[in-house]
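Chemist: quick one: sequence and predicted model below, then my questions.
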Amino acid sequence: MEYSLDNRLEKFIHTVESIVITNAENIEFSLEDGLTKIYNLLLNIRDKNRSLYIIGNGGSAAIASHTAIDFMNVAQVSAHTLHDAATLTCMANDYGYENAFSKILNITIKKEDLLIVISSSGQSKNMINALEVGKEIGATVVTLSGFDLKNPLRALGDINIWLNSKDYGMVEIGHQFILHNLSDRFTHKK
């Protein structure tokens, strides 16, 4: 049966084993090398008292919230999401939803901060616009996406993590798994 637990577990293992991590020049890293690079970025922002911003829509916003808590609590990183209802709906109402996150980031993000952008499809215009603002200001950007290997988000980050699945559940769980693994790496550094 397609949705039996054994089948889903097998599918998740395949999704994780086939993760592709690239840099801005589309040079591929092994999974561990890519995660180590991101871990070092996180250490750097913590040591320099910079901030981490994590954004996404829907399920990806929930992953962003959980991740922000983990990075604050475990890694002692100043971590923020941008989906306070009043702020987000104000910006969406005034500038359109495709610009809501980018307008907030234009005010909050600083040079040398870190922005993590999560989008299962990699197609969300509001995530792409936010990423572009982060880069213009001088933040480092990490993307997490899935679905199509050639999704637009995957080509824009300084480090890009792509999950080889068109299944929302696999991509979302994979993103959470990766981000949790990164926060877990700080448990020995407290």
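Modeler: Yep, it's here. Computed from a prediction, not measured in an experiment: that's the story for all the values here.
Chemist: please count neighbours and contacts with C-alpha atoms only from this point.
Modeler: OK.
Chemist: show me the strands in this structure, by range?
Modeler: Along the chain, the segments classed as strands by DSSP state E run 20-23, 28-29, 51-55, 78-80, 114-119, 140-145, 159-162.
Chemist: ok now do the closest residue to Glu98 other than its chain neighbours, which residues does it touch?
Modeler: Distances taken as C-alpha to C-alpha, 6 or more residues apart in numbering place Asn126 nearest to Glu98, at 4.0 Å, with adjacent residues excluded. Neighbouring residues of Asn126 by C-alpha atoms under 8 Å, 6 or more residues apart in numbering: Tyr97, Glu98, Asn99, Ala100, Phe101, Ser102.
Chemist: read off the pLDDT value for Lys190.
Modeler: For Lys190, the pLDDT comes out at 49.
Chemist: what of Thr187?
Modeler: Thr187 carries a pLDDT value of 89.
Chemist: what about the helices in the chain?
Modeler: 5-17, 31-47, 59-73, 85-95, 97-108, 125-137, 168-184 (DSSP state H).
Chemist: those: which one's closest to Leu114?
Modeler: The minimum distance between Leu114 and the helices of the chain falls on helix 31-47, with 7.2 Å, by C-alpha to C-alpha.
Chemist: angle of that closest one against strand 51-55?
Modeler: Per axes from the mean of the first three to the mean of the last three C-alpha atoms, to 10 degrees, the angle that helix 31-47 makes with strand 51-55 is 130 degrees.
Chemist: what's helix 31-47 packed up against?
Modeler: strand 20-23, strand 51-55, strand 114-119, helix 168-184 (3 or more C-alpha pairs under 8 Å, 6 or more residues apart in numbering; DSSP states H and E).
Chemist: dump these into CSV; add mean neighbour count and mean pLDDT as well.
Modeler: Shown next, in CSV, are these (neighbours: other C-alpha atoms under 10 Å; pLDDT from 0 to 100):
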stretch, mean neighbour count, mean pLDDT
strand 20-23, 20, 98
strand 51-55, 25, 98
strand 114-119, 26, 98
helix 168-184, 19, 97
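Chemist: so which of these gets nearest Tyr3?
Modeler: Closest among the helices and strands packed on helix 31-47, using C-alpha to C-alpha: helix 168-184, at 11.2 Å.
Chemist: what inclination does that closest one have with respect to strand 114-119?
Modeler: Here helix 168-184 points in a direction 160 degrees away from that of strand 114-119 (the same axes, to 10 degrees).
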